[in-house]
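Peer 1: Have a look; sequence and predicted model below, questions after that.
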Amino acid sequence: MDAYERLANAIIIQAAKDYRVAKRKLRRKPGNKDARAEAESIERFFRSDWFRALTEVDGEMLLKELNEEV
């Protein structure tokens, strides 16, 4: 795995971690505007052209799995 692949993987892994944190905050406090904005921003990333450029993973499937997990 070259450096670019490692960087792409690290970006996606961090986004998934941040999404989990935001969703947990929303579960505890559904009115948390910052957590909602963070979750929505990450959802847009997983559906973006940039995400598709980084990986062949299906962003919608990843979101589904993350939501089932949280």
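Peer 2: Received the coordinates, thanks.
Peer 1: does Glu60 sit in a helix or strand, and which one?
Peer 2: According to DSSP states H and E, Glu60 maps onto helix 59-69.
Peer 1: mind listing the strands for the chain?
Peer 2: Assigned by DSSP state E, the chain shows no strands.
Peer 1: Ignoring the adjacent residues along the chain, who's closest to Ile11?
Peer 2: Leu54 (6.3 Å; C-beta to C-beta, 6 or more residues apart in numbering). No exception for glycine: its C-beta is placed from N, CA and C like everyone else's.
Peer 1: Contacts only, for that neighbour.
Peer 2: Contacts for Leu54 (C-beta atoms under 8 Å, 6 or more residues apart in numbering) come out as 8, 11-12.
Peer 1: Could you check how far it is from Ala16?
Peer 2: 12 Å (C-beta to C-beta, to the nearest Å).
Peer 1: how deep is the residue nearest to Asn32 when sequence neighbours are not counted tucked in, by neighbour count?
Peer 2: Sequence neighbours aside, Lys25 is the residue nearest to Asn32 in space, at 5.3 Å (criterion: C-beta to C-beta, 6+ apart). The local packing of Lys25 (other C-beta atoms under 10 Å) involves 16 other residues.
Peer 1: Could you list the buried residues of the longest helix that the chain contains?
Peer 2: When the chain is parsed with DSSP state H, its longest helix is helix 3-28. Residues 8, 12, 15-16, 19-20, 22-23, 25-26 are the ones in helix 3-28 that count as buried (16 or more other C-beta atoms under 10 Å).
Peer 1: Tell me the helices and strands packed up against that helix.
Peer 2: Counting contacts by 3 or more C-beta pairs under 8 Å, 6 or more residues apart in numbering; DSSP states H and E, helix 3-28 is packed against helix 33-46, helix 49-54, helix 59-69.
Peer 1: Recalculate using a threshold of 6 Å.
Peer 2: helix 33-46 (3 or more C-beta pairs under 6 Å, 6 or more residues apart in numbering; DSSP states H and E).
Peer 1: Pull the residues that contact the helix it packs on.
Peer 2: Residues outside helix 33-46 that contact it (C-beta atoms under 6 Å, 6 or more residues apart in numbering) are 15, 19, 22-23, 25-26, 51, 59, 62-63.
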